[in-house]
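# everything below, folded, please.
(chains A, B, C and D)
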4 protein chains.
Amino acid sequence: MKVAVVGASGYTGLELLRILLRHPEFEIAAVTSEQRAGKTVGEAFAALRGRLDLAFEANDPAAIAGRVELAFTALPHAASAATVSQLRASGCKVVDLSADFRLRSLATYEEWYGAHPAADLLAGAVYGLPELHRDALVGADLIAAPGCYPTSTLLPLAPLLRAGLVEPRGIHVDAKSGVSGAGRSLADGYLFAELDGNCHAYKPGFAHRHAPEIEQEASRVAGDEVRVTFVPHLLPTTRGIATSVYVRPRGGDLAAARAALHEAYDDEPFVRVLPEGETPSLQAVRGTNFCDVNVFEDAHNDTWILLATLDNLCKGASGQAVQCANLACGFPETTALLDTGAQP
Amino acid sequence: MKVAVVGASGYTGLELLRILLRHPEFEIAAVTSEQRAGKTVGEAFAALRGRLDLAFEANDPAAIAGRVELAFTALPHAASAATVSQLRASGCKVVDLSADFRLRSLATYEEWYGAHPAADLLAGAVYGLPELHRDALVGADLIAAPGCYPTSTLLPLAPLLRAGLVEPRGIHVDAKSGVSGAGRSLADGYLFAELDGNCHAYKPGFAHRHAPEIEQEASRVAGDEVRVTFVPHLLPTTRGIATSVYVRPRGGDLAAARAALHEAYDDEPFVRVLPEGETPSLQAVRGTNFCDVNVFEDAHNDTWILLATLDNLCKGASGQAVQCANLACGFPETTALLDTGAQP
Amino acid sequence: MKVAVVGASGYTGLELLRILLRHPEFEIAAVTSEQRAGKTVGEAFAALRGRLDLAFEANDPAAIAGRVELAFTALPHAASAATVSQLRASGCKVVDLSADFRLRSLATYEEWYGAHPAADLLAGAVYGLPELHRDALVGADLIAAPGCYPTSTLLPLAPLLRAGLVEPRGIHVDAKSGVSGAGRSLADGYLFAELDGNCHAYKPGFAHRHAPEIEQEASRVAGDEVRVTFVPHLLPTTRGIATSVYVRPRGGDLAAARAALHEAYDDEPFVRVLPEGETPSLQAVRGTNFCDVNVFEDAHNDTWILLATLDNLCKGASGQAVQCANLACGFPETTALLDTGAQP
Amino acid sequence: MKVAVVGASGYTGLELLRILLRHPEFEIAAVTSEQRAGKTVGEAFAALRGRLDLAFEANDPAAIAGRVELAFTALPHAASAATVSQLRASGCKVVDLSADFRLRSLATYEEWYGAHPAADLLAGAVYGLPELHRDALVGADLIAAPGCYPTSTLLPLAPLLRAGLVEPRGIHVDAKSGVSGAGRSLADGYLFAELDGNCHAYKPGFAHRHAPEIEQEASRVAGDEVRVTFVPHLLPTTRGIATSVYVRPRGGDLAAARAALHEAYDDEPFVRVLPEGETPSLQAVRGTNFCDVNVFEDAHNDTWILLATLDNLCKGASGQAVQCANLACGFPETTALLDTGAQP
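Prediction:
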């Protein structure tokens, strides 16, 4: 099946190419990049030299739609919706990695992102977290791949909310992310010399655009209004998110919490519930589509701590997008996604 | 004034040497290291070549006590108490960087560390956080320099607890530390290849030995029993701690929180309350004795977020020890401590 | 075909597991580790949890030989030869990643490594650099996978020596390596805090054990005695080698040098000759089996500069070992080896 | 003595501020930055908050000249010469950190940098390497602080050339530098995600602008035309240069080489000749004004290897500039420069 990667020269685009190159069912038929149009993929990115003899083209949704059955769109928000709209009009399946189709409420979208260029498509979009929405993803035509932070927060949290084991308010999410989450942005703060040995919070509180997305999905699962305080931090590393979630239990014990995680994930291919007492690490998931989770209790302060790690470019973006695409197209869900990342 | 550094070849010992070398009042008269005894400081540590012509000697408290007026002890717990006891018996002032004299309750010490070799000295030890205990530190003879995590937690938290602005229970402390906090420990987990690009929590909940120390000092300030859930994380960097503290306000607003911080620290030489909206970073405090703090609110989830950064080897250990020694000996408190760290 | 990985818990062992897990022809039937015997692979290494349900066993060559057709041995030198000897006696093919069978001259081996436990096997071993010895590797029974430094030196240098384009004496090899080349060695110098932001040469001159190996193979290709000064440096990173080789041309120009590289490698699957003027980078080869090479000239000082980068654990060790095993067993040479590493 | 830092918001400018803040004789009276004009130093750079209450001003040489006796200029080349010209015309002493006054030959300057805006000043400028030009620096009015690469190459090489111990041609300089040498340049290649775990050569051969500067000074010392092939590499770290120089001895032995280094540097405050066999490391000189050097021999290939490390922002730029300023103004040469950098 021929596919396109629209916006293929950012970090999520590159990660899509890496995964699709080992996918036996998808064939990369078009890659777009305004900045690198005309260059081959190998000329633009030395790592892919000799692996993909395809030239970047400018983004022309109409032209692309005719050549592929499915497109991954990895463009900035708003720009993405406009492209997605054209691709969908031409009958192309779309897995969108932007924020444009993640929020079900148009009002919430407009509050956080501004006007929406294709609001009519919102209702038909499926939130691309297979562990929560697998049924809807099978055969889906428009999939909104989640943000990296929501995935790492929702996977450990959802089973406990669903089982009613924790209070839905007063949740504190402390997330630490590698800098590739910011993409290839040219800004002082992303320079090597500024990040080497550095670490700091940014947009603390309820100010990051991933916060409403977390609450939307958490509330859906809880059947109640969930409130989270979300504080992202930048790590001096390139890939990976480590998220710590602080919740108040509703009376259960650690065994109940662990049982809920095991029930949710023992049959899942990409979520690993770690043995009691073992903390997830970034390194173990780097370059993979796995999310490692665990739960700890602090009885003396009436708190449970949920820990999760994943690779923000893979399970937090492009790997998850391919997982969704596998579901949408009827391929085995794990196709091209089981590889272990380089260790160490 | 002649001073000794007992246990001078660990990372806190080296940092003491670095600071003392620029101190106009203290003269380094003895340095001990079992492993490096006989070697000069410059032979053992290339960075200090040509800066200090002194040979490491084995630790013999009786011999050292006669040659110096003050000793910094940077030994493992229990080993430290035994040495401190002899140094004090000989009339030597001591600033101890181990955990041995930080906890006021012998029972708590024994629960977390085992038998105490010098419990009789506990009552006379002063907790070496000048911002909380300056008066007691002036002229003190035995000072227990705080752990790195407690300093970064207490400095932002204490003013709010003292003012009664936040709930004393249900506090969540999410701390991120550079690996030098573990000292020069030879363990798989501290190898470069294992930490590069890695990040993980360890001892989550109420399992780290710094947790009871935090509660002791926080409760003292609050006049109430404070409960914290403490989750330390290891960062892929060498120096620095970034701590995020999640608290529930008792009805005040952000202005009240900021006012409490400013009142506490506007006259303090080493605590900088950042402008509203600016998050502290590790890089800005690396190599310095500063602790940068700020407070943020998330009204929609009834939460305040306190952020603090410091250098775990400096304000979190050796810099603070010298700050205390300055107070104990009657020198200006900032002597040898105002230098700006290398940037970037 | 069932294979064993003997010494599977070091970094080259882990990399072998990663590659073999995606190999359609090899099945991992046994993994050994003295230290981790009894634990499953997933218990010992979090990254492999759920990927390989096999327990480490102690190294018992006789027992292993009966269960597999081929073994990869990743043990320290001398220990390796003893094991290889038993495996070979039982008819098992062996790809050995130690130094034990790389040097053709027993005298040279003894000079650099001491007594050889299986000198009788030396004559039958094939040096596992497919670009130089492909014919001999097809169907080979005992293969000595080269060291990481020799591979990165020989690949750019061999074509110029073979063509007689450069002087065989006075060659200067300046190599920079990530620390994983030292394996999981517990030594002060490999601690994160000691390597972070650090870089230094070690064993400069003709003191590193890879130096005679380089000269052996370079001389074989040149048909003349080659002399290299070899200076390895440690980089503050985990994976990868960047090697710069300084040679004196024998009168030719850059075009001749480039032609020699292209002739040697245009049909090679894993050596990429970069376009004129483009320097190889570690990042582009990290996690891959590629070696990127290029040549530059400094006419004003009568010098050519050869540059090469590769991943020391992959093309510099385990990837190359699998490439050799593919040749030895009659599988397509690139099987399981074409994957692109994570970028960035 | 009042001084100005012109171009104070780049990395060399910041390093100047750090050093000058602890200098007892120089008082920072003016700091300029086009981009940050109007902001205080502490607002622009969090590390300096509370340390320097001075606002950046736009660069107006005439206005500045009247307020200070000496100016450090840290501007891009050409821009610097124009400013220096005005400052000198007003009688201000100048230590210039750009390339504008390093090359004695106008033709060479024009070949590498283009037209020179103040060629008339070239003849009066002193090359600011105190170990080579101390006498001329005493009382100097215009000092050209050397580049970071030349300092790390010339310090180990000059004594051997002066003594006639090595061949002046066929010298190979392989240098590895932290990224801060590129300043705060916003380019893809300096992003954290692009440099983390990366290493590559750039401008190999005789293409980097520091190459003619090295040959100028080396030839002056040798009394003969020296030729070097210069290959700089970028390291995945922020600060520091490690340089390896390959030379051919003229018949002497290692003892002769060591004697030449010791004779040159035993009385120098900032060059440390390491004990035989010990290799210099970046970490030992990071944050300091030291340059560590050593020499090794490879008799079997007729080669000596000179190794040197320094901090590119300190001894390689701003520290050396202050060392020169101390000489120019009659202060003890080591004033404000003996501090040991943070270890680790």
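
# switch to C-alpha atoms for all contacts and neighbour counts from now on
Fine.

# for the record, mean pLDDT for the helix or strand that contains A:Val95?
Here A:Val95, judged by DSSP states H and E, is contained in strand A:93-96. Strand A:93-96 comes out with an average pLDDT of 98.

# then stretch A:281-299?
Stretch A:281-299 carries an average pLDDT of 97.

# please apply the same query to stretch A:13-22.
Averaging pLDDT along stretch A:13-22 gives 96.

# what sits against the residue of the stretch 201-344 of chain A found nearest chain D?
Residue nearest to chain D within the stretch 201-344 of chain A: A:Thr238 (5.2 Å; Cα to the nearest Cα). Listed by Cα atoms under 8 Å, 6 or more residues apart in numbering or on different chains, the contact partners of A:Thr238 are A:Gly178, A:Val179, A:Ser180, B:Gly197, C:Pro344, D:Phe192, D:Ala193, D:Asp196.

# residue ranges with poor pLDDT in the stretch 151-300 of chain A?
Scanning the stretch 151-300 of chain A for pLDDT under 70 picks out nothing.

# what residues does it put near chain C?
A:Ser180, A:Thr238, A:Arg239, A:Arg272, A:Gln283, A:Ala284, A:Val285, A:Gly287 (Cα under 8 Å from any Cα of the partner chain).

# and the buried ones among the residues you listed, selectable in ChimeraX?
Applying 16 or more other Cα atoms under 10 Å in any protein chain shown to these leaves a buried subset, and the ChimeraX line that selects it is:
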select /A:180,238,239,272,283,284,285,287
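
# in what helix or strand does the closest residue to A:Ile28 other than its chain neighbours lie?
Nearest non-adjacent residue to A:Ile28, counting by Cα to Cα, 6 or more residues apart in numbering or on different chains: A:Val3, 5.2 Å away. Applying DSSP H and E as the criterion places A:Val3 in strand A:2-6.

# average pLDDT for that strand?
Summarised as a single mean, pLDDT over strand A:2-6 is 98.

# contacts for that strand?
Outside strand A:2-6, the residues that reach it (Cα under 8 Å, 6+ apart) are A:13, A:16-17, A:26-33, A:59, A:64, A:67-75.

# quick one on the thing from earlier: closest one of the contacts of A:Thr238 to A:Thr153?
A:Gly178 (15.6 Å; Cα to Cα).

# what comes up buried for the helix or strand encompassing A:Ser80?
Using DSSP H and E, A:Ser80 maps to helix A:79-89. Under the neighbour-count criterion of 16+ other Cα under 10 Å, helix A:79-89 has A:Ser80, A:Ala81, A:Thr83, A:Val84, A:Ser85, A:Gln86, A:Leu87, A:Arg88 buried.

# doesn't A:Asp96 make contact with the last one?
Put plainly, it is A:Arg88. No - between A:Arg88 and A:Asp96 there is no contact under Cα atoms under 8 Å: 11.2 Å.

# helix/strand/coil for the residue in chain A sticking out farthest from the centre?
Ranked by distance from the centre of chain A (Cα atoms, centre = their mean), the top residue is A:His300, with 34.5 Å. Following DSSP: H, G, I helix; E, B strand; the rest coil, we place A:His300 in the helix state.

# so what's it up against?
By Cα under 8 Å, 6+ apart, A:His300 lies in contact with B:Phe206, B:Arg227.

# helix, strand or coil for the closest residue to chain C within the stretch 1-150 of chain A?
Scanning the stretch 1-150 of chain A for the residue nearest chain C gives A:Ala47, at 4.0 Å (criterion: Cα to the nearest Cα). The local conformation at A:Ala47, judged by three-state DSSP, is helix.

# who touches it in this structure?
A:Ala47 is in contact with C:Gln283, C:Ala284, C:Val285, C:Thr340, C:Gly341, C:Gln343, counting by Cα under 8 Å, 6+ apart.

# sorry, back to before: just the residues of the stretch 151-300 of chain A next to chain C now: which is nearest chain B?
Distance ranking of those against chain B, using Cα to the nearest Cα, places A:Gln283 first at 5.0 Å.

# hang on, that closest one packs against A:Thr340?
No - proximity of A:Gln283 to A:Thr340 does not meet the contact threshold set by Cα under 8 Å, at 11.0 Å.

# what parts of the stretch 201-344 of chain A come near chain B?
A:201-202, A:204-206, A:227-229, A:235-239, A:242, A:246, A:279-283, A:296-298, A:300-305, A:344.

# can you flag which of the residues you listed belong to helices?
Counting by DSSP state H, the part of these found in helices is A:Leu282, A:Gln283.

# beta partners of A:Gly205?
A:Phe230 (DSSP bridges).

# which ones are touching the nearest residue to A:Ser244 once chain neighbours are set aside?
Closest residue to A:Ser244 apart from its sequence neighbours, by Cα to Cα, 6+ apart: A:Leu307 at 4.7 Å. Under the criterion of Cα under 8 Å, 6+ apart, the contact list for A:Leu307 reads A:Pro156, A:Ala242, A:Thr243, A:Ser244, A:Val245, A:Thr279, A:Pro280, A:Val293, A:Asn294, A:Val295.

# how about the contacts made by the residue in the stretch 1-150 of chain A positioned nearest to chain B?
When distances are taken as Cα to the nearest Cα, the stretch 1-150 of chain A reaches nearest to chain B at A:Thr108, 14.9 Å away. Going by Cα under 8 Å, 6+ apart, A:Thr108 touches A:Pro212.

# residues in contact with the residue nearest to A:Val271 when sequence neighbours are not counted?
Distances taken as Cα to Cα, 6+ apart put A:Cys291 closest to A:Val271, at 4.9 Å, once the chain neighbours are dropped. With contacts taken as Cα under 8 Å, 6+ apart, A:Cys291 has the following neighbours: A:Ser152, A:Leu155, A:Phe270, A:Val271, A:Arg272, A:Val285, A:Ala308, A:Thr309, A:Leu310, A:Asp311, A:Lys315.

# max pairwise distance over those: which two?
Across the contacts of A:Cys291 (Cα to Cα), the longest gap, 14.5 Å, separates A:Leu155 and A:Val285.

# surely A:Ile19 is within a helix?
Yes - under three-state DSSP, A:Ile19 sits within a helix.

# contacts only, for A:Glu27.
Applying Cα under 8 Å, 6+ apart, the residues near A:Glu27 are A:Met1, A:Lys2, A:Val3, A:Leu20, A:Leu21.

# just the buried ones among these, please.
A:Val3, A:Leu20, A:Leu21.

# hmm, back to that, in PyMOL, select just the buried ones from the residues of the stretch 201-344 of chain A next to chain B.
Of these, the buried ones go into a single PyMOL selection, burial set by 16+ other Cα under 10 Å:
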select buried, chain A and resi 201+202+204+205+206+227+228+229+235+236+237+238+239+242+246+279+280+281+282+283+296+297+298+301+302+303+304+305+344
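
# hang on, the earlier thing: now intersect the contacts of A:Thr238 with the helices, please.
Counting by DSSP H, these contribute D:Phe192, D:Ala193 to helices.

# picking up where we left off before, output the helix or strand that contains the residue nearest to A:Ser244 in CSV with nothing but the alpha carbons.
Element membership for A:Leu307, per DSSP H and E: strand A:303-310. Coordinates of each C-alpha in strand A:303-310 appear next as CSV, following Å, rounded to 0.1, in the frame of the first residue of the first chain:
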residue,chain,number,x,y,z
THR,A,303,-0.6,9.2,47.6
TRP,A,304,0.1,6.8,44.7
ILE,A,305,2.8,7.6,42.2
LEU,A,306,2.4,6.4,38.7
LEU,A,307,5.5,6.3,36.6
ALA,A,308,5.7,5.9,32.8
THR,A,309,8.5,6.2,30.2
LEU,A,310,8.3,6.2,26.4
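
# what is the mean pLDDT for that strand?
What strand A:303-310 shows for mean pLDDT is 98.

# tell me the helix or strand right after it.
Later in the chain than strand A:303-310, the nearest helix or strand by DSSP H and E is helix A:319-329.
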